[in-house]
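[1] Dropping the sequence and predicted coords here.
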Amino acid sequence: MGTVSFLLIVVVVTALAFDFTNGFHDTANSMATSIATGALRPRVAVLVAGVLNLAGAFLSTAVAKTISGGIVDDAKVSLVMVFAGLVGALMWNLLTWLAGLPSSSSHALFGGLIGAVWVGAGGSAVQFGVIVEKIVIPAVLSPLVACVVAVLATYLAYVITRRSGPDRARRGFRRGQVGSASLVALAHGTNDAQKTMGVITLALISAGVLAHNSAPPWWVVLSAGLAIALGTYAGGWRIIRTMGKGLTDIEAPQGFAAETSATAVILASSHMGFPLSTTQVCTGSILGSGLGRRMAEVRWGIAGRIALAWLFTLPAAAAMGGAAAWIAGRGILGVALVAAAAAAAAAGFWALSRRRPVTPENVNEPHARLPEQVQQTAA
């Protein structure tokens, strides 16, 4: 087996590992509110989300094409750079998962790739105009748009059902949440699974297997969909608790409004080829659902920590991707060193998470325990 073939296999495996972490990191996007309101049992929720993430992966490839031929010049990208970018993204995903913070897997991936390509090929290989247009601007606008839409949807949900008995309305919205949460999961698969498809396609182009500007082959679509679906089923309970119990106390009408608002924004962006962060959209919609209900408490301290994680995701992942590219660029030994360090770090993160595990049994514990958990885990 030649060096290029070996590196290509390493990149594909690393990409699918990142896709798996994307799945459990982002399960909260579609199911946190339904689990918090009791509309779906935790294990049923993640199973439904996993199946629909897989189905969503087959609906479109517009976002994948943006990744593989948009944010960086694919003619200047090597397999080592793609590998290093994936390592940077994967490490940031695991770090924020450990802290229970719903950061953006998408921006971690973009940051890792940008940092690795910048170090490996220079700034001219990074398409900064496309990054601003299709990543930075949507990153700023999408959570705001989702928040505003969710405020209006939540207000209307309570106004429309105010003559109904509270128990009857609650039961109706819980049933509705089964459908709305499923739509978010489908939309998530449509948007997020494509990002790994785009990275693998970029690697295949870099290795000369595909022509420039090629679409993802069918096996790439299938493997990326399966990886994110399996990761989704794994749960990501730490982040589910943050989004379901941390930002605000969610009632069924709020959950339904938040999920439908997020679905509309995500599907619209996927249709236009914008690889936005589903995490930011869903967090914005949950925040909006809290603002849209009278007397609802919004925990701005937790919202502030989440916002800080969003702010640091792109540069932190870029720094990690750049460092990995500098080491891996020294040859096969450098690639092996980066891979070994990443595997050791992942094992360490998992071991630390076992100190205070979050499971389907305790995911709906009162939010008051969350700051203590985050602080002790991060320490």
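    Nice, thanks for sending it over. Numbers count the residues shown, from 1 in each chain.
[2] for the stretch 251-379 of the chain, what are the low-confidence residue spans?
    Applying pLDDT under 70 to the stretch 251-379 of the chain flags residues 270-276, 295-296, 366-379.
[3] Could I get the full set of strands for the stretch 251-379 of the chain?
    Read by DSSP state E, counting those that start in this stretch, the stretch 251-379 of the chain holds no strands at all.
[4] Not counting its neighbours along the chain, what's nearest the residue nearest in space to the middle of the chain?
    Central residue of the chain (Cα atoms, centre = their mean): residue 105, 3.8 Å from the mean position. Of all residues not flanking residue 105 in the chain, residue 22 sits nearest, at 4.3 Å (Cβ to Cβ, 6 or more residues apart in numbering). In this view, the C-beta of every residue, glycine as well, is placed from N, C-alpha and C.
[5] Provide a list of residues in contact with residue 208.
    Neighbouring residues of residue 208 by Cβ atoms under 8 Å, 6 or more residues apart in numbering: residue 4.
[6] swap in residue 154?
    So residue 154 contacts 253-254, 257-258, 288-289, 291-293 (Cβ under 8 Å, 6+ apart).
[7] Same list, these, but as JSON lines with neighbour count and distance to residue 48 please.
    Output for the contacts of residue 154, formatted as JSON lines (neighbours: other Cβ atoms under 10 Å; distance: Cβ to Cβ, whole Å):
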{"residue": "253", "neighbour count": "28", "distance to residue 48": "21"}
{"residue": "254", "neighbour count": "30", "distance to residue 48": "20"}
{"residue": "257", "neighbour count": "32", "distance to residue 48": "19"}
{"residue": "258", "neighbour count": "36", "distance to residue 48": "17"}
{"residue": "288", "neighbour count": "30", "distance to residue 48": "24"}
{"residue": "289", "neighbour count": "32", "distance to residue 48": "21"}
{"residue": "291", "neighbour count": "16", "distance to residue 48": "28"}
{"residue": "292", "neighbour count": "25", "distance to residue 48": "25"}
{"residue": "293", "neighbour count": "22", "distance to residue 48": "26"}
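[8] between the residues you listed, which is closest to residue 17?
    residue 258 (30.0 Å; Cβ to Cβ).
[9] Was I right to think the closest one contacts residue 293?
    No. Taking contacts as Cβ atoms under 8 Å, residue 258 lies outside contact range of residue 293: 10.7 Å.
[10] The contacts of residue 154 in helices, which ones?
    Residues of the contacts of residue 154 located in helices (DSSP state H): 253-254, 257-258, 288-289, 291-292.
[11] which residues touch stretch 47-57?
    Here stretch 47-57 has contacts from 23, 27, 30-31, 40, 181-182, 185-194, 197, 221-222, 224-226, 228-230, 232-233, using Cβ under 8 Å, 6+ apart.
[12] Mind checking the pLDDT average for it?
    Mean pLDDT, stretch 47-57: 88.
[13] Any idea how far that stretch is from the middle of the chain?
    Computed by Cα atoms, centre = their mean, to the nearest Å, the chain-centroid distance of stretch 47-57 equals 14 Å.
[14] can you dump the C-alpha coordinates of that stretch into CSV?
    Presented in CSV, the C-alpha positions along stretch 47-57 are these (Å, rounded to 0.1, in the frame of the first residue of the first chain):
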residue,chain,number,x,y,z
LEU,A,47,-33.2,6.3,18.3
VAL,A,48,-35.7,8.4,16.3
ALA,A,49,-33.0,11.1,15.9
GLY,A,50,-30.5,8.6,14.7
VAL,A,51,-32.8,7.1,12.0
LEU,A,52,-33.8,10.5,10.7
ASN,A,53,-30.3,11.8,10.7
LEU,A,54,-29.5,8.9,8.4
ALA,A,55,-32.5,9.7,6.2
GLY,A,56,-31.6,13.4,6.0
ALA,A,57,-28.1,12.6,4.7
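[15] Start the count at 494 instead of 1 going forward.
    New numbering, starting at 494: the last item is stretch 540-550.
[16] Poorly predicted segments of the stretch 544-693 of the chain, please.
    553-563.
[17] At which residues are the helices of it located?
    Ranges of helices in the stretch 544-693 of the chain, per DSSP state H, counting those that start in this stretch, are 555-562, 572-591, 598-614, 621-624, 630-653, 659-699.
[18] Redo those as a markdown table? Include distance to residue 731.
    Formatted as a markdown table, those follow (distance: least, Cβ to Cβ, whole Å):
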| stretch | distance to residue 731 |
| --- | --- |
| helix 555-562 | 26 |
| helix 572-591 | 6 |
| helix 598-614 | 14 |
| helix 621-624 | 30 |
| helix 630-653 | 21 |
| helix 659-699 | 18 |
